[in-house]
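>>> take this sequence and fold it.
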Amino acid sequence: MLNRTLIISVFVVASCGLAYELVAAALASYLLGDSVLQFSSIIGAYLFAMGIGAHLTRYIKDEDILHRFVDIELLVGLIGGLSALLLFIIFSFADAPFRMVLYAVVLLIGTVVGMEIPLVMRVLNQHQAEFKEIVSRVLTFDYLGALAVSLLFPLILAPKLGMARTALLFGILNVLVAMLTIRVFRHQLQYARQLQLKASVVLLMLVTGFLFADRLTFWAEQSYFGDPVVYSKSTRYQRIVLTRWHDDVRLFLNGNLQFSSRDEHRYHEALVLPAMEMVPHARQVLILGGGDGLAAREVLKYPKVEKITLIDLDQQMTDLFKQSATLAQLNHNSFRNPKMHIVHADAGQWLESNRQQFDVIIIDLPDPSNFSLGKLYSVPMYRMVLRHLSEHGKLVVQSTSPYFAPHAFWCVVETLKTAGAYTKPYHTYVPSFGEWGFVLAGRINDFKIPRSYQVPTRFLDQASTQDMFIFPKDMQPKQVQPNYLNTQALVSYFEQDWHQNIR
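Below is the predicted model of the structure:
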């Protein structure tokens, strides 16, 4: 019974330890961007701290092991369980101390988590289990617990519970392990009642936090975004937040502004209409990204278009913009139009498995702020896209800001050229974003800048269109490398440009 209890404890504490690590890394990725850097640095710091914790167990006396194990479980549960809520609240007030608090929390949790397994092994050793059996059983259940969480976290926990409640759930599990240990070893614990009372208080705190976590994270996001938050949701792929102030609805993905309803027409007209005018015979249109339906709204202005295929990874995103009356009004119910064909898939994988050609391809993806997005702006990706473009068709890519992120912008241009496309870069001013850039591309060099538009516009006319294709002195081309999968130069350019301009 005693050994079985400890082995179950190993499984649970291993699950909890990995869960806190994943929550911290995912939160850092959401809030700070550059997922590879954040995951790598968080995991490195966490493992380093676990080593410190394992070393510290040598100073715990044999007669104090059970007592200290219970204390550590309560401490892990309290700190780890409340970690996500704390980080959300810290980030909502100021970005400056966030990294410091983040790594302090990671190091603290890692240190106490690192003490758990060595203590369990010493307890088992006290009960005369053979050393080889101890190592075999403990490490087996340790790895099984890690496997369970690594599968549950991205598929169920993060999208269903969110980061804060996931951390609190595992904090509760740590406390339950402590309470089970107290119950089983009560005759060997000198202060069993006091420990039980302490565990009950910690459990009450974590359960209360779990019940009110959504309200607390909502309040934190409210402080961060400024305008009232009217919708927030963590999906398998991203954190979706909508704010509204009077008639201004804003969409944020992972904390980054995607559009403001006051001026999104400038962005989407500039993104879609020049390409559509250059291909007046366009019948088949492909949109990669564009899960808000706003680019599709502009394409649907052209009656000759027979079918629009939209590829977006996140079904909860497209469902939101289809079912919400306010958002559907904004995109003119584009997702309910019979010409729309929506596919929820990875854009690259879909292109690999499909051979259809399109007259116009619109790439309206989030900025290349991390490597998972950067691959969608790479030479292999654009070569694949060009294979789906008809001979006289046109491709257009949203390409971040040529003013605030000039190296990133011209890297997109260079990447398209390296992929074999002719290019025609342009830009426009969107008040919510500032100066923003796009790149037209095609298999032949026949770009004809529109003098007028077949469809009604709110922003574009002959003069504004001509201005878009003229780059002033402070937005001239930069000497950059193309973006390949193995180097991901674009992500580095993007990070460096924005950090330099934010300072």
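>>> tell me the domain boundaries of this protein?
2-225, 260-502 (automatic domain parsing).
>>> run through the helices of the stretch 101-250 of the chain in chain order.
Along the stretch 101-250 of the chain, counting by DSSP state H, counting those that start in this stretch, helices occupy 131-152, 158-184, 192-225.
>>> make TSV out of these and add mean pLDDT.
Below are the helices of the stretch 101-250 of the chain laid out as TSV (pLDDT from 0 to 100):
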stretch	mean pLDDT
helix 131-152	78
helix 158-184	88
helix 192-225	85
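>>> any idea which of those is most buried?
Comparing the helices of the stretch 101-250 of the chain by mean neighbour count (mean count of other Cβ atoms under 10 Å), helix 158-184 comes out on top with a mean of 23. Bear in mind the C-beta positions are built from the backbone N, C-alpha and C, glycine included.
>>> before we move on, the earlier item: got the helices of the stretch 101-250 of the chain as TSV, with distance to residue 267 columns?
Shown next, in TSV, are these (distance: least, Cβ to Cβ, whole Å):
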stretch	distance to residue 267
helix 131-152	38
helix 158-184	28
helix 192-225	20
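>>> out of these, which gets nearest to residue 325?
helix 192-225 (21.6 Å; Cβ to Cβ).
>>> so residue 318 is in contact with residue 334, correct?
No. The criterion here is Cβ atoms under 8 Å, and residue 318 misses it with residue 334 at 10.4 Å.
>>> so which of the two has more stuff around it?
residue 334 (24 against 21; other Cβ atoms under 10 Å).
>>> ok, which of the helices of the stretch 101-250 of the chain comes nearest residue 389?
Closest among these, using Cβ to Cβ: helix 158-184, at 34.2 Å.
>>> what is in contact with residue 318 and residue 334 at once?
residue 293 (Cβ atoms under 8 Å, 6 or more residues apart in numbering).
>>> which positions in stretch 111-126 come out as buried?
Buried positions in stretch 111-126, judged by neighbour count with 16 or more other Cβ atoms under 10 Å: 111-124.
>>> may I have the phi/psi pair for the residue lying farthest from the centre of the chain?
For the chain, the residue at maximal distance from the C-alpha centroid (Cα atoms, centre = their mean) is residue 187, at 48.3 Å. With angles defined as degrees, to the nearest 10, residue 187 shows backbone torsions of phi -80, psi -20.
>>> separation between it and residue 357?
76 Å (Cβ to Cβ, to the nearest Å).
>>> ok, back up a step: any idea which of the helices of the stretch 101-250 of the chain gets closest to residue 57?
Nearest to residue 57, of all the helices of the stretch 101-250 of the chain, is helix 131-152, at 13.7 Å by Cβ to Cβ.
>>> contacts for the closest one?
Contacts of helix 131-152 (Cβ under 8 Å, 6+ apart): 7-8, 10-15, 17-19, 22, 117, 120-121, 124-125, 157.
>>> ok, which stretches of this protein are strands?
229-234, 239-245, 248-253, 256-260, 284-289, 307-311, 340-343, 358-364, 389-398, 422-430, 434-442 (DSSP state E).
>>> comparing the ones you listed, which yields the minimum mean pLDDT?
Among these, strand 229-234 has the lowest mean pLDDT, at a mean of 83.
>>> may I see the buried residues of it?
229, 232, 234.
>>> can you tell me the strand partners of it and which way each runs?
strand 239-245 (antiparallel) (DSSP bridges).
>>> could you give the angle of the partner strand to strand 248-253?
Going by axes from the mean of the first three to the mean of the last three Cα atoms, to 10 degrees, strand 239-245 is angled at 170 degrees with respect to strand 248-253.
>>> and the contacts of strand 239-245?
Outside strand 239-245, the residues that reach it (Cβ under 8 Å, 6+ apart) are 30, 221, 225-234, 249-255, 316-317, 320, 327.
>>> only alpha carbons, please: show stretch 398-414 as CSV.
Output of stretch 398-414 as CSV, limited to C-alpha atoms (Å, rounded to 0.1, in the frame of the first residue of the first chain):
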residue,chain,number,x,y,z
GLN,A,398,0.4,41.0,-46.4
SER,A,399,4.0,41.7,-45.5
THR,A,400,4.1,43.7,-42.2
SER,A,401,5.3,47.4,-42.1
PRO,A,402,7.9,48.7,-44.6
TYR,A,403,8.4,51.6,-42.2
PHE,A,404,8.6,49.9,-38.7
ALA,A,405,9.9,46.5,-40.0
PRO,A,406,11.7,47.4,-43.2
HIS,A,407,14.1,44.4,-43.2
ALA,A,408,11.2,42.0,-42.6
PHE,A,409,9.2,43.6,-45.4
TRP,A,410,11.9,43.5,-48.0
CYS,A,411,12.8,40.0,-46.9
VAL,A,412,9.3,38.9,-48.0
VAL,A,413,9.9,40.6,-51.4
GLU,A,414,13.3,38.8,-51.7
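>>> what are the contacting residues of that stretch?
Contacts for stretch 398-414 (Cβ under 8 Å, 6+ apart): 271, 363-365, 367-368, 377, 397, 423, 425, 427, 433-439, 471, 474-475, 477-478, 480-483, 489-490, 493-494, 496-498, 501.
>>> taking these, please make a ChimeraX selection of just the buried ones.
Only the buried members of those end up in this ChimeraX selection, burial being decided by 16+ other Cβ under 10 Å:
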select :271,363,364,365,367,368,377,397,423,425,427,433,435,436,437,438,439,471,475,478,480,482,483,489,490,493,494,497,498
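>>> give me every residue that touches residue 498.
Counted by Cβ under 8 Å, 6+ apart, residue 498 has contacts 404, 405.
>>> 10 Å instead, please
33, 367, 369, 400, 401, 404, 405, 408 (Cβ atoms under 10 Å, 6 or more residues apart in numbering).
>>> most surrounded residue in these?
Neighbour max across those (other Cβ under 10 Å) = residue 408, 31 neighbours.
>>> look up how far residue 97 lies from that residue.
For residue 408, the distance to residue 97 - Cβ to Cβ - is 28 Å.
>>> how close does the closest residue to residue 465 other than its chain neighbours get to residue 461?
Setting aside the residues directly before and after it, residue 465 is nearest to residue 450 in space (Cβ to Cβ, 6 or more residues apart in numbering), at 5.5 Å. Distance of residue 450 to residue 461, given as Cβ to Cβ: 10 Å.
>>> kindly report the same for residue 163.
Relative to residue 461, residue 163 is positioned 46 Å away (Cβ to Cβ).
>>> now residue 286
From residue 286 to residue 461 the distance is 27 Å (Cβ to Cβ).
>>> neighbour count: those two, which is higher?
residue 286 (27 against 12).
>>> beta partners of that one?
Beta-bridge partners, per DSSP bridges, of residue 286: residue 309, residue 361.
>>> verify the stated contact: it with residue 340.
No. Here residue 286 does not reach residue 340: they are 12.0 Å apart, not a contact under Cβ atoms under 10 Å.
>>> what residues do those two have in common as contacts?
Joint contacts of residue 286 and residue 340 (Cβ under 10 Å, 6+ apart) are 307, 308, 309, 310.
>>> check contacts around the first one.
Listed by Cβ under 10 Å, 6+ apart, the contact set of residue 307 reads 283, 284, 285, 286, 338, 339, 340, 341, 356, 358.
>>> of the residues you listed, closest to residue 106?
residue 286 (41.9 Å).
>>> so what's the closest one up against?
Counted by Cβ under 10 Å, 6+ apart, residue 286 has contacts 307-311, 341, 347, 350-351, 354, 356-363, 385, 388-389, 393, 395.
>>> just the buried subset of those residues, please.
Buried, going by 16+ other Cβ under 10 Å: 308-311, 347, 350-351, 358-363, 385, 388-389, 393, 395, out of the contacts of residue 286.
>>> can I get the shared contacts of residue 286 and residue 340 in CSV with distance to residue 201?
CSV is the format used below for the shared contacts of residue 286 and residue 340 (distance: Cβ to Cβ, whole Å):
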residue, distance to residue 201
307, 62
308, 58
309, 57
310, 52
